[in-house]
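> Here is my input, please return the structure:
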Amino acid sequence: MLKDTFNRQINYLRLSITDMCNLRCIYCQPLHRIKKKTHVELLSYEEVTRLAQLMSQLGIRRIRVTGGEPLIKRDILYLLKELGKIESLEEISLTTNGTKLSQFAPQLKDSGVKRLNISLGSLDKDRYAQMTGGGNLNDVLFGIKEALNAGLVPLKINVVIMQGINDDEIVLFARLTLDEPLYIRFIEFMPINQPMEVWIERYIPNQVLKRRLASYFTLIPINGLAGNTPVEYYKIKDSMGGIGFISPISDHFCSKCNRLRLTPDGHLRLCLGDDMETDLKTPLRNRASDDELKELIKEALKFRAKGHQFQLKVPKSRLMSAIGG
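Numbers count the residues shown, from 1 in each chain. Just a heads-up that it's a prediction; the model follows:
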């Protein structure tokens with residue numbers, strides 16, 4: 001069982017397999033295009049699987065495969081099937097922007113993926129294209145339809161809300177839950193790789209969104225759905241899905257955080273909001289033993305912070321796409 005110095009149990013790994021993406025969302029890569037890493041800089045699938053196996057032996061029970069955009073990665077289904085062979089893992093899930101989902105949905109189900117999170121910033125075609133650097137909203141909507149048809153339910157839609165950008169769409173997003181088993185999760189805009197003045201202008205706390213939605217719908221709390229996650233869930237009466245609020249800025253949930261992140265180049269990141277990382281790739285390639293690698297992972301947890309300090313210290317070392325948010 002993995003625990004940090006604040007007695008928080010760690011059983012969830014965000015596994016980023018690429019920092020590249022076919023979109024350029026304004027909340028993820030806003031400043032500049034990242035330089036593509038060479039093949040040798042990234043972990044191979046064999047290295048990824050070995051580290052996942054070792055971390056499962058230490059107590060990791062859930063893995064979420066992320067990017068960048070994981071579905072642009074060659075032979076992604078092979079990796080998912082290899083991860084699925086790790087007996088102690090209870091769940092493998094995946095986060096995607098949905099643009100290629102229609103091509104993969106049935107195969108993802110067959111490969112053992114149990115849950116999907118789809119990142120979607122707008123339901124307006126032109127606004128979506130503007131927010132994503134040219135993305136096609138119809139591709140995502142078709143991908144959502146195919147995922148539902150494949151039985152990847154309940155399906156979670158992550159929406160980063162920004163003041164003056166897409167906050168006028170929250171009611172439209174909420175209505176999606178009425179007739180489909182969709183869970184719309186509103187995520188507060190975080191100041192990662194953002195100029196502080198831009199973040200201050202665009203940030204809007206979830207409590208404001210909740211009050212706005214409450215003026216349109218009766219929001220009924222859903223107890224027990226979130227489990228050990230930082231989501232506050234509600235549903236509209238008689239709806240098939242639900243509405244979630246993830247509030248890392250206005251309502252710190254660090255005391256309940258149960259996750260670590262592994263970057264595409266093999267660094268163990270202890271917190272989304274802290275640049276502290278431990279290099280696992282170098283010892284891995286220098287033929288460190290399984291026990292030595294596990295000891296490095298356990299030693300790294302001694303430096304896991306009590307909580308993030310987004311408002312005081314903004315992480316700068318990586319774009320969101322390179323962290324695996």
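> Residue 187: which element?
In this structure, residue 187 is located in strand 182-188 according to DSSP states H and E.
> mean confidence for whichever helix or strand comes after that strand?
Per DSSP H and E, strand 182-188 leads on to helix 196-202 as the next helix or strand towards the C-terminus. Mean pLDDT, helix 196-202: 90.
> circling back: helices and strands around the strand holding residue 187, which ones?
Using 3 or more Cβ pairs under 8 Å, 6 or more residues apart in numbering; DSSP states H and E, the elements in contact with strand 182-188 are strand 155-161, helix 170-175, helix 206-214, strand 242-246. C-beta coordinates here come from the backbone N, C-alpha and C atoms, glycine included.
> Could you export these to TSV, including columns for distance to residue 194 and mean pLDDT?
Converted to TSV, the helices and strands packed on strand 182-188 look like this (distance: least, Cβ to Cβ, whole Å; pLDDT from 0 to 100):
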stretch	distance to residue 194	mean pLDDT
strand 155-161	11	97
helix 170-175	21	98
helix 206-214	18	97
strand 242-246	17	97
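> quick one: stretch 149-166 to chain centroid distance?
Centroid separation for stretch 149-166 versus its chain: 12 Å, with Cα atoms, centre = their mean, to the nearest Å.
> Can you give me the buried ones in it?
150, 152-162, 165-166 (16 or more other Cβ atoms under 10 Å).
> got a list of what the nearest residue to residue 176 once chain neighbours are set aside touches?
Excluding the flanking residues, the one nearest residue 176 by Cβ to Cβ, 6 or more residues apart in numbering is residue 182, at 5.2 Å. Residues in contact with residue 182 (Cβ atoms under 8 Å, 6 or more residues apart in numbering) are 144, 154, 155, 156, 157, 176, 240, 241.
> If we use 7 Å, what do you get?
155, 157, 176, 241 (Cβ atoms under 7 Å, 6 or more residues apart in numbering).
> from those residues, which two are the most distant?
Largest separation among those by Cβ to Cβ: 155 and 176, giving 10.1 Å.
> Now the strand holding residue 187: average pLDDT?
97.
> Sheet-wise, list the partners of it with their directions.
strand 155-161 (parallel), strand 242-246 (parallel) (DSSP bridges).
> What lies in contact with the first one?
The contact list for strand 155-161 (Cβ under 7 Å, 6+ apart) reads 27, 116-121, 144, 147-148, 167, 170, 173, 181-187, 189, 204, 209.
> rerun at 6 Å
27, 116-120, 147, 167, 173, 182-187, 189, 204 (Cβ atoms under 6 Å, 6 or more residues apart in numbering).
> and if you look at the shortest one?
For strand 242-246, contacts defined as Cβ under 6 Å, 6+ apart pick out 174, 183-187, 206, 222, 230-235.
> OK, contacts around residue 58?
By Cβ under 6 Å, 6+ apart, the residues touching residue 58 are 2, 294.
> ok, it to residue 112 distance?
Residue 58 is 21 Å from residue 112, where distance means Cβ to Cβ, to the nearest Å.
> gap between the residue lying closest to residue 25 once chain neighbours are set aside and residue 16?
Nearest residue to residue 25, sequence neighbours excluded (Cβ to Cβ, 6+ apart): residue 132, at 5.2 Å. From residue 132 over to residue 16 the distance is 19 Å, taken as Cβ to Cβ.
> Neighbour count for the two, which is higher?
residue 16 (28 against 24; other Cβ atoms under 10 Å).
> Show me what that one is bridged to.
residue 66.
> Residue 201: how many residues sit nearby?
Residues near residue 201, counting by other Cβ under 10 Å: 14.
> tell me the phi and psi of the residue lying closest to residue 172 once chain neighbours are set aside?
Counting by Cβ to Cβ, 6+ apart, residue 172 lies nearest to residue 123, which is 5.2 Å off, once chain neighbours are set aside. Per-residue torsions, residue 123: phi -100, psi 10 (degrees, to the nearest 10).
> what do you get for residue 88?
Per degrees, to the nearest 10, the backbone of residue 88 is at phi -80, psi -10.
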